[in-house]
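In: next input, structure requested:
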Amino acid sequence: MTSRLSQYISIAFHPLLMPFYAMTILFNARSYLTYSLAPEVKKIILFIVFITCFVMPVLITLYLLQKGLIRSLEMSERKERRIPFLAAILMYVCCYFLLRQLPAPDLIPAIVISGAVIIAVAFAVNLRWKISIHMIGLGGLAGIIFISGDRILTDVSIYFIIVLLISGITGWARLSREAHSSMQIYAGFIAGFIASALTLNSILQ
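Out: Residues are numbered from 1 along each chain as shown. Just a heads-up that it's a prediction; the model follows:
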């Protein structure tokens, strides 16, 4: 039961879903984004982000699995993660350029670029050490919400607290599956938070 629950948690909070979750939160945070963007534009943004940042990287990973280039979707070996990481970065960059074509504030494509930076950090660390990608993603989401609150001029503390709670639950799930050590969990969250916060802050200055 515990194993199945931890698996469901790992899937629900997959790191590639973090940009989609970030957009969904910001669109519902009762800020100017909620009211200034037409519903059709928000739907297009969410669709683009979901397809390019999640569906396409997953399909590429499944292709690599079918060709035997990785042994499982968990990618427990560091070497298995390199091609999927690079593919994800490429998809995030494509997403950035697609979003730039829409009538949306700079914050929207900036979030996607911060996601690409987070994956690049994960790729660099992964060359030497296995770090928790789930926690990097959640740390990145926390960093995005933390910085975005000032930019959209609204209180996002409740969302920030929820993400922290989810991060704790996901960290437990990853530990229970023996996918990572506690150090890899903590390092992942901190690295993701710092990378996304610094990236967003520098882009939006």
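
In: got the contact list for the top helix by length along the chain?
Out: Using DSSP state H, we find that the single longest helix of the chain is helix 182-203. Helix 182-203 has contacts (CB atoms under 8 Å, 6 or more residues apart in numbering) with 106-107, 110-111, 113-115, 117-118, 121-122, 125, 129-144, 146-148, 167, 171, 174-175, 180. To be clear about C-beta, it is placed using only N, CA and C from the backbone, and glycine gets the same treatment.

In: do that again at 6 Å, thanks
Out: Defining contact as CB atoms under 6 Å, 6 or more residues apart in numbering, one finds that helix 182-203 is touched by 110, 114, 117-118, 121, 131-132, 135-136, 139-140, 142-144, 147, 167, 171.

In: now it: mean pLDDT?
Out: The average pLDDT for helix 182-203 rounds to 92.

In: about what we covered before: so which of the contacts of helix 182-203 sit within helices?
Out: Assignment to helices by DSSP H places the following of these there: 110, 114, 117-118, 121, 135-136, 139-140, 142-144, 147, 167, 171.

In: which one of the residues you listed is nearest to residue 17?
Out: Using CB to CB, residue 140 is the member of these that lies nearest residue 17, at 11.3 Å.

In: quick one, what contacts that closest one?
Out: By CB under 6 Å, 6+ apart, the residues touching residue 140 are 18, 118, 192, 196.

In: ok, and the most crowded of those residues?
Out: Of all the contacts of residue 140, the highest neighbour tally under other CB atoms under 10 Å goes to residue 192, namely 34 neighbours.

In: what's the burial count for the closest residue to it other than its chain neighbours?
Out: Counting by CB to CB, 6 or more residues apart in numbering, residue 139 is the residue found nearest to residue 192 once chain neighbours are left out, at 2.7 Å. Residues lying near residue 139 (other CB under 10 Å) number 29.
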